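Colleague: no sequence for this one, just the structure:
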């Protein structure tokens, strides 16, 4: 399954930055995949496998998954209407990219590489 919508956040300078306190987990040194999921969502499990693999094979990248049922604040903050929704955060927690649906491993790796400029 491919991602249905991939878009740059409209204006990263005004989008709300996310902190480790917001996530209740540390941010990655270079990038963080924030995955907004729901417990019954099969595509969310596929997304988790992809993003965990990228985080495991690329230093400085973290993957944080939150259930929208338990973190309505984050779901509202990012206007989540469908799960999975993935927001790629830069080193400072600023949103750089948003994807709805299941990204491929190549798409996830390319997004991190583009963000890191490498």
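Modeller: Here it is on my side, so go on. Since the structure is predicted, the reported quantities are computational estimates derived from the model, not experimental observations.
Colleague: can you map out the helices along this structure?
Modeller: Along the chain, counting by DSSP state H, helices occupy 20-23, 42-57, 72-77, 105-116.
Colleague: mean confidence score for the shortest one?
Modeller: For helix 20-23, the per-residue pLDDT values average out at 95.
Colleague: Pull out the buried residues from that helix.
Modeller: 22, 23 (16 or more other Cβ atoms under 10 Å). Using the backbone N, CA and C atoms, a C-beta is placed for each residue, glycine as well.
Colleague: could you say what helices and strands that helix packs with?
Modeller: With contacts defined as 3 or more Cβ pairs under 8 Å, 6 or more residues apart in numbering; DSSP states H and E, helix 20-23 has no helix or strand neighbours.
Colleague: do the third one as well
Modeller: Other helices and strands packing on helix 72-77, by 3+ Cβ pairs under 8 Å, 6+ apart, are strand 31-37.
Colleague: The strand it packs on: partners in the sheet, and parallel or antiparallel?
Modeller: Here strand 31-37 has these sheet partners by DSSP bridges: strand 61-67 (parallel), strand 85-90 (antiparallel).
Colleague: now that strand, how far from the chain's geometric center?
Modeller: Offset of strand 31-37 from its chain centre (Cα atoms, centre = their mean, to the nearest Å): 3 Å.
Colleague: cool, and stretch 108-117?
Modeller: How far stretch 108-117 lies from its chain's middle: 12 Å, per Cα atoms, centre = their mean.
Colleague: Please identify the most buried of the strands paired with strand 31-37.
Modeller: strand 85-90 (a mean of 24; mean count of other Cβ atoms under 10 Å).
Colleague: for the chain, what are the low-confidence residue spans?
Modeller: 1-15, 118 (pLDDT under 70).
Colleague: give me that answer again for 80
Modeller: 1-15, 117-118 (pLDDT under 80).
Colleague: Surely residue 84 and residue 39 touch.
Modeller: No - using Cβ atoms under 8 Å, residue 84 is not in contact with residue 39; the gap is 11.8 Å.
Colleague: Which one's more surrounded, these two?
Modeller: residue 84 (27 against 10; other Cβ atoms under 10 Å).
Colleague: got the phi/psi numbers for that one?
Modeller: In terms of degrees, to the nearest 10, the main-chain angles of residue 84 are phi -80, psi 150.
Colleague: Before I go, just wanted to say thanks for your time.
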